[in-house]
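**Student:** Could you work out the structure for the sequence below:
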Amino acid sequence: MQFYKSDLLQYISGSISDTDLLEQLTELGLEVDHSKKEKNDLLIKLDLTPNRGDCFSLIGIARDVCAVNNLKLILPKLKKQHQSLDSKKTVSVDKIACSSYLGLIIKLKSKGKTPQYIKKTLKAADIGQVNPIVDITNYVMLHTGQPLHAFDNKKIGKKIYVKFPSKGTRLKLLDGASYEITKDFLTISDEKEEIALAGIMGCANSEVDETTQEIFLESACFEPASIRGNARKLGFQSEASLRFERGVDKEIQEYAINFAAQLYAEIFGGDFSKIFKESKNHKAKKISISKEFIDSRLGTEIPSAKVIKLLKALEFKVESKRNLMELTCPSHRYDIEIKEDIIEEIARIIGYDNLPNKRLKLLASSPEDKSIEKEKLSKDIFVNAGFNEVINYAFVDSSFVQMLGLNNDSIELANPMSSNQDVMRPSLIPGLISNFEYNFNRGAQKFRIFEVGNAFTKEESWKSLAGLLYFDKSSSDWSGSFQSSFYDLRKSLDMFFSRLNIKPVYKKTSSNHLHPGISAEIKMKTKSIGNIGVLHPAIQKKLKLPEIVLFEINLDSIKLPKINSIAQPPKFPGSERDLSFLVSKEIPANDFIKELKQAGGKNLRSVSVIDVYQGKGIDESLKSMTFRLFWQATGATLEDREVDQFVENQINHAAKIFNAKLRS
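**Tutor:** From the prediction side, this is the model:
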């Protein structure tokens, strides 16, 4: 919403400095995006939250400014136009989709011009001039928040219907384009055809132009549910749909149509019909709230008289009953639903900075939430391993999910924020790949990220932990093999499992999104808890990405371990050896590690894979695996001859079990 300060001041019974106005707007939750001094005026642009549909109007903004400054809101009194036209139009309305519909026929007496003050207001709001008839409707909308629409009365029939069509059809709208609409689009029709998409845009067949001499002016309250999302389905957003989707004041329609009628009379002159009106009774929302509840939530005592005064300034009707205040919500506030909303209104007008600060009381104990503790521990482990945490939307592109071959039982969104966020994510992997793709295309050479978040299918939801690792081969370890990055990620995952006192098993798998030869399923006993592997080559080629390694595990399937007693770290130095074996390429590294640990003695602390090689110089049926082994004793320093004996035992054991040969 963008406007000039001079337009806003028309509705405020007092003056206010530029600095105070800008500060107060932001403090009221109507954040000032930017402001610009122009001659003797101030251009202001607000970044409004979706719940404040009432503030997509100068009157709505002025109402809040008046409340915080203890000023009076001024609504100009309108002249009632003489009703001299004898009209024979009838209106039929779907009252579930449209709670109020008003129409007025105006026979224009002359060709008017758009006045300078209307041009200025439209320019401030970035709304282009069309012609004087349309410019007046846009001007009134900016002031009142009520969208109006002017039809050329000679181009439409004598019966007006507000309804959903019985079947889909194609319409040519005022923007010149044709659109296919379905049965869930609310329309305005006459006896023959649709003449407008309700609350969105008029059709070309009823358009006003320079030759128009008689108009049918519409002022309606379309329910948000009947309009919401329809404009986006057609690929655009209009000023009208922007307001109707958020909810317009249910009691402003008559004021707005009379406001416009007065402008038509001043600019064109004209004859006016009576106002056609079809509406249902508006039932105002009521909320009961006590002073004790208000004080307890705000942490301070506010006099009842002050609370009542500021609520009345916001146009709440207040009736005191014993210890309760019975509030009737104003028709323009769709967002007020519960008592906490009233608390927010009071705090907003008083000013959050004016509420006292109180130190929180510490509880001696609090209920344990194992899921939060597990999530926090998971994040700590991966941050300490050099990973960066990312947070993505829970909405992803269904076509991307399908391309990755992930769970196709995704939950479709009825009203997605955008076309590439149309389903709930069945996995965290799509988000991580998108994060990498964005950064890789901007020169990232090393990339370690992880995310903890919920994943969803139609049947269930669960907490998931996923990670992605990449480094440029030219800057990789001494081997230059991408296999090393797989084991680098495997090492981080093993450290995670070790911290949780879990000993999972890695089994060969064939996940759709992972490389069939460099991937593994992670299992606890017989239960699958996740997978790890290189991105599938076909997907990598389609996305034009380098090789990356990914993992994902179901955190809900893992129990938080009991806290281990802390042992004194060994004070004697350890000994490290690297061993390379030639072995059949069918033997999993995990099985080999298990046997090395068995033959390595009680002081063997760790075994990890640092390289796997297949290629030139090695038989096609074999592969070379290099392991890093670390020994450390608690009572004395291990001598080389002891470690040499452990190594010899392992070499002999590997030869016996796997027919493995030590590489020189």
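
**Student:** When you work out contacts or count neighbours from here on, use the C-alpha atoms and nothing else.
**Tutor:** OK.

**Student:** Low-confidence regions, the chain specifically.
**Tutor:** Scanning the chain for pLDDT under 70 picks out the ranges 360-371, 472-484, 561-567, 664.

**Student:** Closest to the centroid, which residue in it?
**Tutor:** residue 393 (6.3 Å; C-alpha atoms, centre = their mean).

**Student:** That one: what's it in contact with?
**Tutor:** The contact partners of residue 393, taken as C-alpha atoms under 8 Å, 6 or more residues apart in numbering, are residue 431.

**Student:** Contacts for stretch 123-130 next, please.
**Tutor:** The contact list for stretch 123-130, computed with C-alpha under 8 Å, 6+ apart, reads 1-4, 43, 119, 122, 135.

**Student:** ok, 7 Å please
**Tutor:** Applying C-alpha atoms under 7 Å, 6 or more residues apart in numbering, the contact partners of stretch 123-130 are 1-4, 122, 135.

**Student:** what do you get for stretch 45-55?
**Tutor:** Taking C-alpha under 7 Å, 6+ apart as the criterion, the residues outside stretch 45-55 that touch it are 1-3, 30-35, 60-61, 145, 243, 246-248, 332-333, 335.

**Student:** List buried residues within these.
**Tutor:** For the contacts of stretch 45-55, a burial check counting by 16 or more other C-alpha atoms under 10 Å picks out 1-3, 30-32, 35, 60-61, 145, 243, 246-248, 332-333.

**Student:** quick one: which of those residues sit in helices?
**Tutor:** When DSSP state H defines the helices, the subset of those inside them is 60-61, 243, 246.

**Student:** And the furthest pair within those?
**Tutor:** Maximum pairwise distance in those, criterion C-alpha to C-alpha, is 15.3 Å, between 61 and 246.

**Student:** circling back to that earlier point, the residue nearest to the centre of the chain and residue 454: what is the separation?
**Tutor:** When C-alpha to C-alpha, to the nearest Å is the yardstick, residue 393 and residue 454 sit 10 Å from each other.

**Student:** okay but residue 428 is in contact with residue 466, surely?
**Tutor:** Yes. In this structure residue 428 lies within contact range of residue 466 using C-alpha atoms under 7 Å: 6.2 Å.

**Student:** And the two? Which one has more around it.
**Tutor:** residue 428 (28 against 23; other C-alpha atoms under 10 Å).

**Student:** about what we covered before: looking at the contacts of stretch 123-130, which is nearest residue 651?
**Tutor:** After measuring those against residue 651 - C-alpha to C-alpha - the closest member comes out as residue 1, at 75.4 Å.

**Student:** Identify each of the strands in the stretch 351-500 of the chain and give its residue range.
**Tutor:** With DSSP state E, counting those that start in this stretch as the definition, the stretch 351-500 of the chain shows strands at residue ranges 388-389, 395-396, 423-424, 446-456, 461-471.

**Student:** Mind listing the strands the second one pairs with, and their directions?
**Tutor:** Sheet pairing of strand 395-396 (DSSP bridges) gives strand 423-424 (antiparallel).

**Student:** Surely residue 623 forms part of a helix?
**Tutor:** No. Note on residue 623: no helix contains this position according to DSSP: H, G, I helix; E, B strand; the rest coil, which reports strand.

**Student:** can you tell me which residues contact it?
**Tutor:** With contacts defined as C-alpha under 7 Å, 6+ apart, residue 623 is in contact with 582-585, 612-614.

**Student:** if you set the cut-off to 10 Å instead, what comes out?
**Tutor:** The contact partners of residue 623, taken as C-alpha atoms under 10 Å, 6 or more residues apart in numbering, are 581-587, 612-615.

**Student:** before we move on, what about residue 653?
**Tutor:** If a contact means C-alpha under 10 Å, 6+ apart, then residue 653 has 595-596, 598-600, 647, 659-660 as its contacts.

**Student:** Check residue 309 too.
**Tutor:** Residue 309 is in contact with 67, 70, 315-316, 318, counting by C-alpha under 10 Å, 6+ apart.

**Student:** ok, and it, which helix or strand is that part of?
**Tutor:** Secondary structure from DSSP states H and E places residue 309 in helix 304-313.

**Student:** in that helix, what counts as buried?
**Tutor:** With burial defined by 16+ other C-alpha under 10 Å, the residues of helix 304-313 counted as buried are 307-308, 310-311, 313.

**Student:** Same question for stretch 139-155.
**Tutor:** Neighbour-count burial for stretch 139-155 flags 139-153, 155 (criterion: 16+ other C-alpha under 10 Å).

**Student:** out of those, which are inside strands?
**Tutor:** Counting by DSSP state E, the members of the buried residues of stretch 139-155 that fall within strands are 148-152.

**Student:** For these, please prepare a markdown table with the additional fields distance to residue 375.
**Tutor:** Converted to a markdown table, these look like this (distance: C-alpha to C-alpha, whole Å):
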| residue | distance to residue 375 |
| --- | --- |
| 148 | 52 |
| 149 | 53 |
| 150 | 57 |
| 151 | 59 |
| 152 | 62 |
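
**Student:** which residues of the stretch 551-664 of the chain fall in helices?
**Tutor:** Secondary structure of the stretch 551-664 of the chain by DSSP state H, counting those that start in this stretch: the helices cover 589-599, 640-658.

**Student:** Include distance to residue 260 when you put the ones you listed into CSV, please.
**Tutor:** What follows is these, written out as CSV (distance: least, C-alpha to C-alpha, whole Å):
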stretch, distance to residue 260
helix 589-599, 79
helix 640-658, 90
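
**Student:** one step back: list buried residues within the contacts of residue 309.
**Tutor:** By neighbour count, with 16+ other C-alpha under 10 Å, the contacts of residue 309 hold 67, 315-316, 318 as buried.

**Student:** Now do the contacts for residue 63.
**Tutor:** When contacts are counted by C-alpha under 10 Å, 6+ apart, residue 63 touches 8, 11-12, 54-55, 71-74, 313-315.

**Student:** Brilliant, that's me finished.
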